Structures are given as C-alpha cells and as structure tokens.
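Visitor: Sequence and predicted structure below; questions after.
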Amino acid sequence: MRTAYSVETVRAAERELMARLPEGALMQRAAAGLAAVCTRLLTRRRGRVYGARVVLLAGPGDNGGDALYAGARLARRGAGVTAVPMDPQRLHPGGLAALLAAGGRLAQEVPRRADLVVDGLLGIGGRGGLRPAAAALAGQIPPGVPVVAVDLPSGVDADTGEVAGPAVRADVTVTFGAYKPGLLVDPGASLAGAVHLVDIGLELPPAQTQALQHADVAALLPAPTATSDKYRRGVVGILAGSRQYPGAAVLAVAGALRGGAGAVRYVGPAAEAVLARYPETLIGPGRVQAWVAGPGLGEGRAGEVADLLAQDVPVLVDADGLRGLDPELLRTRSAPTLLTPHAGEAAALLEVPRESVEAGRLSAAAALARRYGATVLLKGSTTLIASGGGPVRVNPTGTAWLATAGSGDVLSGLAGSLLAAGLSGPDAGAVAAYLHGLAARHAAGSAPGTPILAHEVAEALPKAWHEVHSR
Ligand SMILES: NC(=O)C1=CN([C@@H]2O[C@H](COP(=O)(O)OP(=O)(O)OC[C@H]3O[C@@H](n4cnc5c(N)ncnc54)[C@H](O)[C@@H]3O)[C@@H](O)[C@H]2O)[C@@H](O)CC1
Ligand SMILES: [K+]
C-alpha cells in the first residue's frame with residue numbers, strides 16, 4: 001500500500017521529530033537522500049558526478065535549503081553546481097554557506113547548458129500558482145535536461161494535486177517522509193515523473209490517501225473455495241443497455257463475467273445481443289447479491305434504477321443511471337451504494353461546472369461521497385475512490401488509452417461483480433479500477449502505441465488477475 005499525507009499531518013510529524021533531533025538533522029537527511037538520487041541519475045547519464053553541470057533553482061524556504069545542501073554534497077564530489085535564487089535576498093543561509101564552501105556558485109539566470117536541474121523552488125509551503133519570479137525561473141529550464149523536483153514539483157498543490165498556472169515538469173521527484181496526495185493525483189501526479197520516497201524517520205498516523213499495490217489487490221480478490229457454488233460466489237445483476245445502446249449491456253456483462261461473481265444476470269432490452277456474445281449470462285429478473293444500473297440505459301429509465309435502489313443489496317450506479325439521482329434517497333439506503341461518474345457526470349451531480357471537478361478532483365470526489373452518502377469512484381486521468389469516512393483511494397494503474405467508448409461499462413460490470421462477491425464499496429471500486437487499468441495496459445501492450453477497444457480491456461482482465469497474483 002502506498003500512502004499519502006496532507007501537509008498539515010506531515011508538518012505535525014516533522015515538528016514532533018525535530019523536537020527530538022539536533023537542529024538541522026532532518027534537512028540533512030532530506031539533502032542526503034536528494035543528493036543520492038541525483039548521483040544515481042548523473043552516473044547513469046554520464047558515467048560519473050565529477051564534472052557534471054548541476055543547476056539548482058533555489059526558493060526562499062526550506063525546499064531551497066534542501067536543494068542547496070544537496071548541491072553542496074554534489075559539489076564536494078566534483079560537480080559544477082550553480083544555484084539560481086528566486087529571490088537573492090531570501091536564500092536558506094545555512095544551505096547557501098554550505099554550497100559556497102563546497103565550491104558552488106550563484107547566478108541570476110538559469111545556465112543554458114546543464115546535465116541536471118534541481119527544482120528547489122517550492123515544496124509543501126507553496127500556495128497557489130507560481131508567482132512571477134518563480135514562474136520565470138521555471139520557464140528558463142533548458143529543454144531536454146532532466147529535472148529532479150525536491151519534495152514535489154513546484155507549482156503543484158501538495159494536498160490536492162491542483163496546478164494553478166505554470167508548474168515545473170519533473171522527470172523524478174524526491175519526496176521526504178511521506179508521499180503527498182498531490183504526487184498521486186492528477187494533474188500534479190503527471191508532473192512528478194518517477195517518485196522516490198526518502199525515509200526521514202517520521203512517525204505518521206493512519207493514512208488519509210492510499211494507492212493499492214499488487215499485493216493489496218491480490219489479498220482482496222475473491223477466490224472460490226471447495227464449498228462455493230455459483231450462488232455463494234455471488235450473482236451480479238446488470239440493468240444496462242437499450243435498443244439504441246445494446247453494446248453497453250454487452251460490455252458491462254463482459255466486465256462482470258470476469259469480475260469473480262459466480263453468475264451474471266442481465267435485465268433489459270439487449271438480452272439478445274448479450275446472449276449472442278455471452279451464453280453464460282442468466283436472463284431476466286431474479287435474486288442477486290449486487291446490482292449494476294445505468295450503462296447505456298438512455299433516457300426515461302430512472303424509475304427502473306430507483307426500483308433497484310429500493311432493494312437492500314449493494315447497487316452500483318453508472319452513466320445514464322446517475323441522471324437526476326436523489327441524494328436523499330441514497331442517504332437513506334442501508335446497503336452500500338457505489339457511484340461511478342466521470343468528471344462531466346460528477347459535475348452534474350454536484351451542480352458545478354465540469355472544469356471545477358477536473359481542477360479539484362480530490363475535493364469533488366469527497367464532496368460527492370458526502371452528499372450522496374455513497375462510495376464514489378470518480379473516473380479520469382487518475383481515478384479516485386472516496387467514501388464517507390475512510391481514506392481516499394487513488395488508482396495507480398490507469399493509462400490514457402482507457403479514455404475510449406465503452407471502457408466505463410466494462411469497469412462498472414467488473415466493480416459490480418466484486419460487490420456481489422462480497423467486497424465493500426471502497427474495496428470493489430479500488431480493485432476494479434486497478435484491474436481495469438492493468439488490463440488496459442495488457443491490451444495496449446499487444447500492439448504498442450495503438451488505440452485499444454473496450455472489449456479488449458474486458459478480454460485482458462484474466463491477465464490482470466494473473467499479474468497481481470504472480471508478484
Ligand atoms: N520541515 C521539515 O522538517 C523539513 C522540511 N523539508 C523541506 O522543507 C519544505 C517546506 O519548507 P517551507 O515551509 O520553508 O516552505 P517552501 O520552501 O515550500 O516555500 C515557502 C516559501 O515560498 C514562498 N511561496 C509560497 N507560495 C509561493 C508561490 N506560489 N510562488 C512563489 N513563492 C511562494 C513563501 O513566501 C515562503 O517563503 C519541504 O517541502 C521540504 O522540501 C525537508 O528539509 C525535510 C524536513
Ligand atoms: K520543489
């Protein structure tokens with residue numbers, strides 16, 4: 001499990017630790033970890049640190065201090081280190097002295113030739129978009145030079161991943177003590193590159209943000225036992241498709257069949273298309289352990305969705321099923337509800353513009369979960385799973401190719417199947433998103449660089465199951 005913590009929590013843990021350590025010890029741990037990663041990168045790129053040209057973008061706070069101390073370490077190994085301050089009057093005094101003593105120098109402008117740029121402009125103290133002096137330095141980073149961000153790419157909001165204006169795009173981020181949510185959630189996550197966590201000895205409470213890894217998913221996946229039959233393994237009902245959109249029903253059933261439930265029951269007008277493709281499907285109403293309602297329903301089917309929501313079994317609501325949902329009705333349900341909107345649907349449910357959901361995905365998912373008393377799986381470049389109380393789950397396996405028609409239908413079938421197999425709303429959502437992302441990578445891998453189709457994602461799900469179990 002990868003965990004991330006808010007700035008407030010990290011600062012509290014730092015205070016507690018700093019009180020027990022000699023002054024400056026934490027910053028030295030951070031700088032040592034940062035210098036080690038820079039050394040590895042330089043060695044890989046040019047064989048040695050000696051003679052490398054390293055540029056430090058140095059902000060006014062401790063983030064700049066980390067960069068300056070790390071620069072001093074690199075200078076002592078023979079690198080030519082140049083620090084470019086955001087504000088020459090405000091540089092970490094100890095860090096500056098260490099750099100100069102090690103033979104580093106100061107410059108006003110970012111040199112055009114460099115082997116490595118270290119972004120130490122802002123860390124967890126950054127607020128809002130980069131101000132002009134910081135934005136100007138970020139804009140001077142020479143193209144093609146690898147960038148290592150200190151703690152997080154400057155311009156990314158550590159708590160939310162929001163980016164208000166220009167920001168640094170890093171190849172590698174060296175983060176201290178704990179991941180910050182902004183490193184896991186887009187748009188911030190996509191600016192962070194590969195993230196290295198340096199342990200500085202913080203003691204942290206239970207996580208506020210989590211990203212599952214293979215082993216976590218493997219432990220949650222349902223597995224049949226010697227005594228299970230199809231009903232004990234769970235039956236998932238799918239209310240999906242219409243005369244206009246029969247394909248959505250086929251794709252939701254495809255995802256559900258590969259999601260671990262014992263059987264899939266389909267209700268709706270696309271039974272013929274479903275059976276033609278998947279003769280395993282049960283047709284017509286009957287007992288289920290969970291429902292999936294919504295993919296491809298078209299208009300005017302809200303009554304059918306409401307009937308399912310009136311049943312005391314878990315219900316996943318997706319796509320057309322999300323239209324006009326009544327928050328009051330959902331809040332009074334005692335069985336779990338899982339909503340799986342994309343940004344546009346989330347915006348409609350929250351009655352805000354789509355852009356505000358895109359820019360603040362974490363807060364939008366949490367707000368939806370509160371308002372509807374449900375688990376919310378917000379689809380997108382980073383899929384998030386939020387529920388009332390627990391941590392927000394961030395899905396680490398996505399791929400841009402998943403933005404393809406019908407892939408959401410496969411996801412909702414898959415998540416519904418996991419609900420029927422007995423997983424909780426947050427677990428079903430997180431495991432489904434994880435497998436779905438991995439399956440998409442497998443599907444994309446069979447012909448790299450080419451678009452994938454939703455049914456190929458469903459077909460690659462067994463490979464995704466196999467992969468999480470085999471590592
Ligand atoms: N607190 C600790 O114990 C440790 C902190 N460390 C480092 O310290 C960093 C936090 O340091 P600080 O609290 O000094 O904060 P930062 O260094 O992140 O930045 C704070 C400064 O940036 C300015 N600023 C804020 N937003 C800005 C914007 N949008 N544009 C331009 N300037 C802006 C503020 O005026 C303030 O002076 C961490 O990210 C980490 O790199 C590490 O050394 C590990 C230990
Ligand atoms: K930074």
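Guide: Done, it's in. Ligands and ions are numbered 1, 2, ... in the order given.

Visitor: Helices of the stretch 251-400 of the chain, residue ranges please.
Guide: Ranges of helices in the stretch 251-400 of the chain, per DSSP state H, counting those that start in this stretch, are 271-277, 302-309, 327-331, 343-350, 354-359, 361-372.

Visitor: now for the fourth one, which elements pack on it?
Guide: Counting contacts by 3 or more C-beta pairs under 8 Å, 6 or more residues apart in numbering; DSSP states H and E, helix 343-350 is packed against helix 354-359, helix 361-372, strand 375-378. C-beta here means a position set from N, CA and C on the backbone, and glycine is covered the same way.

Visitor: likewise the second one?
Guide: Contact partners of helix 302-309 among helices and strands, from 3+ C-beta pairs under 8 Å, 6+ apart: strand 235-239, strand 290-293, strand 315-318, helix 327-331.

Visitor: quick one on the thing from earlier: Val150: which of the helices of the stretch 251-400 of the chain is closest?
Guide: helix 361-372 (22.6 Å; C-beta to C-beta).

Visitor: Quick check: buried residues in the closest one?
Guide: For helix 361-372, burial by neighbour count (16 or more other C-beta atoms under 10 Å) applies to 361-369, 372.

Visitor: And stretch 69-82, by the same measure?
Guide: 69-77, 79-82.

Visitor: Quick one: closest of the helices and strands packed on helix 302-309 to ligand 2.
Guide: Among those, the nearest to ligand 2 by C-beta to the ion is strand 315-318 (38.3 Å).

Visitor: Direction included, what does that closest one pair up with?
Guide: Note on strand 315-318: by DSSP bridges, its sheet partners are strand 290-293 (parallel), strand 337-340 (parallel).

Visitor: And the last one, how far out from the chain middle?
Guide: The offset between the C-alpha centroid of strand 337-340 and the centroid of the whole chain comes to 18 Å, using C-alpha atoms, centre = their mean, to the nearest Å.

Visitor: and what of stretch 272-281?
Guide: In terms of C-alpha atoms, centre = their mean, the centre of stretch 272-281 is found 34 Å from the chain centre.

Visitor: One more: stretch 104-119?
Guide: The answer for stretch 104-119 is 32 Å, by C-alpha atoms, centre = their mean.

Visitor: Gly129 is in contact with Asp157, isn't it?
Guide: No. Using C-beta atoms under 8 Å, Gly129 is not in contact with Asp157, being 9.6 Å away.

Visitor: which residues are in contact with both of those two?
Guide: Shared contacts of Gly129 and Asp157 (C-beta atoms under 8 Å, 6 or more residues apart in numbering): 163-164.

Visitor: Neighbour count for those two, which is higher?
Guide: Counted by other C-beta atoms under 10 Å, Gly129 and Asp157 do not tie: Asp157 has more neighbours, with 25 against 16.

Visitor: All set, thanks.
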